[in-house]
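Novice: Give me coordinates for this.
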Amino acid sequence: MMSIYPGIILACWAVFIAYWMISAVAAKRTVGGVWRGMGIRFVIVLVMLVVLRHEVAGVLYRSASPAQATVGVAACVAGLAFAIWARVHLGRNWGMPRAVKENAELVTSGPYAYVRHPIYTGMLVALIGSAAVVGWSWLLLPLVLGAYFTYSALVEEKLMLRTFPDSYPAYIARTKMLIPFVF
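Specialist: Got it, this is the predicted structure:
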């Protein structure tokens, strides 16, 4: 008998993606190319949803214990909530990674007081929680995305240093990149 936990995970990701797409409408205009990096992100989201859908349908699903599934759902919800909190806190300054916004402002409060890239952090926590529920084989996705997010964060930080040369170095000195107090 299949549990409800994989369906909860799928619903969480569906709500997250829908929120992300709807909230993008209110963002400030982007200076330069808005489509940079969109292709890889679209493919990642598509693959993630297809794999998760198959796992929910029982094609690839490996049953997690109720305790493991509960912890996994909690991590998924907490990670997505953290990413959404970061997105809400950015307000109209949000944009595709490596994009420069008109009248850009450096946001260093809210979740940005803990890590410089809380959206990446939240998504990685959510992916690890998802893997705990739908199958540890899915752990490959956060490992690959962790490397991609780290690379992307390093590229973004170079851009932020050029955009905010007076304030970004101090921000780097007082916050970690992805994991509070660690990295």
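Novice: Sketch out the low-pLDDT regions of the chain for me.
Specialist: 1-2, 26-63, 93, 95-102 (pLDDT under 70).
Novice: Next, the contact list for the most centrally placed residue in the chain, please.
Specialist: By C-alpha atoms, centre = their mean, the chain has its centre lying nearest to Met123, at 3.0 Å. Residues near Met123 by C-beta atoms under 8 Å, 6 or more residues apart in numbering: Gly79, Leu80, Ala83, Leu145, Phe149. C-betas here are computed from N, CA, C, even on glycine.
Novice: Give me the nearest residue to the third one, chain neighbours excluded.
Specialist: Leaving out its chain neighbours, the residue that sits closest to Ala83 by C-beta to C-beta, 6 or more residues apart in numbering is Gly122, at 3.0 Å.
Novice: For the one you found, which residues are in contact?
Specialist: Gly79, Leu80, Ala81, Phe82, Ala83, Ile84, Trp85, Ala86, Pro111.
Novice: again, 10 Å this time
Specialist: Residues near Gly122 by C-beta atoms under 10 Å, 6 or more residues apart in numbering: 16, 78-87, 111, 115.
Novice: Which ones among those lie within helices?
Specialist: Phe16, Ala78, Gly79, Leu80, Ala81, Phe82, Ala83, Ile84, Trp85, Ala86, Arg87 (DSSP state H).
Novice: And for Leu127, the neighbour number?
Specialist: 25 (other C-beta atoms under 10 Å).
Novice: same thing with Leu140?
Specialist: By other C-beta under 10 Å, the residues close to Leu140 number 12.
Novice: so which strand or helix has it?
Specialist: helix 140-163 (DSSP states H and E).
Novice: Can you mark which positions in the next helix or strand after that helix are buried?
Specialist: Next helix or strand after helix 140-163 toward the C-terminus (DSSP H and E): helix 168-174. Within helix 168-174, the residues that count as buried by 16 or more other C-beta atoms under 10 Å are Tyr168, Tyr171.
Novice: that older thread, quick one: which of the ones in helices among the contacts of Gly122 is nearest to Lys158?
Specialist: If you rank the ones in helices among the contacts of Gly122 by distance to Lys158 using C-beta to C-beta, Ala86 comes first, at 20.2 Å.
Novice: could you measure the residue lying closest to the closest one once chain neighbours are set aside against Ala24, distance?
Specialist: Leaving aside its chain neighbours, Ala86 sits nearest to Pro118 (3.9 Å; criterion: C-beta to C-beta, 6+ apart). Distance, Pro118 to Ala24, using C-beta to C-beta, to the nearest Å: 17 Å.
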